[in-house]
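Enquirer: next one to model:
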Amino acid sequence: MSVLVVGSINADVTVRATRIPGAGETVLGNEARTSPGGKGANGAVAAALAGARVSMVGAVGDDAFQEVALSGLRRAGVDLGGLRTLDAPTGLALITVSDAGENAITVASGANARLTPAHLPADCAGFTHLLLQQELPPAITLEAARRASAAGLTVLLNAAPTRDTAPELLSLTGHLLVNEHELAALAGEGDFEASARALLQRGPQAVTVTLGGAGSLTVTAQETHRLPAHPVNALDTTGAGDTFCGVLTARLSHGDRLEAALRWAGIAAALACTRPGAQDAMPTWAEVLRESGR
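Expert: Have a look, this model is predicted:
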């Protein structure tokens, strides 16, 4: 029931404008909104809200954005014993959202880019699952997977954002999570199920493809699970994928069977789309349970 997350911690600065500015252009927008973000922190918050005991390994700077970046983790009760304050700015995502719903995002990795394997805990005792993403330097992500796998933890990798994923990292991954674009980057264009099954040959015991409004597809050597999207009136899809990954990890750590854990993750991700923001939009476990009984 204990989850370790090694990942990025950011502060998000979001401005809504009539349109995304072009090169060299200034567009007037509305007031800026700051909120906690980062794929690692998002997954940690989602897992904690879904009932897991969660510890976070990550980094921030000693600056004005630190409190914003950590606020969601603290509210969710995530253990920050593995947090490092480094001599670099807190990671920052600058987000412009147009009235048409399009967005443009620039991420300044800051302290996240300074994390190294030396910042990892000495051992993985007390944890059952490790959740990883690809916003940190590849060296620390790979080393975290090595240590966790050697200690008998189940490693879940959300291969986002898209980047070169080391073959060794895939071989150490128990459950790989991708969207359709990340799937294509890893396995090439083609049928989703065939591509996902091809990835099983590279190490993972399960591959889940999240498909937005089309739900999700999960394959293992023995099973195929196709789950429709839970119906909601979507307002903002920011952080929905991170919610799915965090809740899936939490429920697997509780001993839920794979299909049940996928169902809970899908409901939580759908609920996260009904409110603005990333961590601020994530549902509590009580909300997920109520929604499941509709």
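Enquirer: with adjacent residues omitted, what lies nearest to Glu168?
Expert: Leu142 (6.4 Å; Cβ to Cβ, 6 or more residues apart in numbering). All C-beta spots, glycine's among them, are computed from the backbone N, C-alpha and C.
Enquirer: quick check, that neighbour in a strand?
Expert: No: assigned with DSSP: H, G, I helix; E, B strand; the rest coil, Leu142 falls outside any strand and is helix.
Enquirer: so what's the residue count around it?
Expert: Here the number of neighbours of Leu142 (other Cβ atoms under 10 Å) works out to 18.
Enquirer: isn't it up against Ala166?
Expert: Yes: between Leu142 and Ala166 there is a contact under Cβ atoms under 8 Å: 5.7 Å.
Enquirer: contacts only, for Phe98.
Expert: No Phe there; residue 98 is Ser. 16-20 (Cβ atoms under 8 Å, 6 or more residues apart in numbering).
Enquirer: hmm, 10 Å instead?
Expert: 16-21, 27, 29, 104 (Cβ atoms under 10 Å, 6 or more residues apart in numbering).
Enquirer: can you pull out the helices in this structure?
Expert: Along the chain, counting by DSSP state H, helices occupy 39-49, 66-76, 138-150, 167-172, 180-187, 192-200, 240-253, 258-272, 285-292.
Enquirer: tell me which of these sits most buried.
Expert: Highest mean neighbour count among the helices of the chain (mean count of other Cβ atoms under 10 Å): helix 39-49, with a mean of 31.
Enquirer: that one versus helix 258-272: what angle between them?
Expert: Here helix 39-49 points in a direction 110 degrees away from that of helix 258-272 (axes from the mean of the first three to the mean of the last three Cα atoms, to 10 degrees).
Enquirer: re the thing from before, can you add mean pLDDT and distance to Thr116 and give the helices of the chain back as JSON lines?
Expert: Output for those, formatted as JSON lines (pLDDT from 0 to 100; distance: least, Cβ to Cβ, whole Å):
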{"stretch": "helix 39-49", "mean pLDDT": "98", "distance to Thr116": "15"}
{"stretch": "helix 66-76", "mean pLDDT": "98", "distance to Thr116": "20"}
{"stretch": "helix 138-150", "mean pLDDT": "97", "distance to Thr116": "6"}
{"stretch": "helix 167-172", "mean pLDDT": "97", "distance to Thr116": "16"}
{"stretch": "helix 180-187", "mean pLDDT": "95", "distance to Thr116": "25"}
{"stretch": "helix 192-200", "mean pLDDT": "97", "distance to Thr116": "28"}
{"stretch": "helix 240-253", "mean pLDDT": "97", "distance to Thr116": "24"}
{"stretch": "helix 258-272", "mean pLDDT": "97", "distance to Thr116": "31"}
{"stretch": "helix 285-292", "mean pLDDT": "95", "distance to Thr116": "34"}
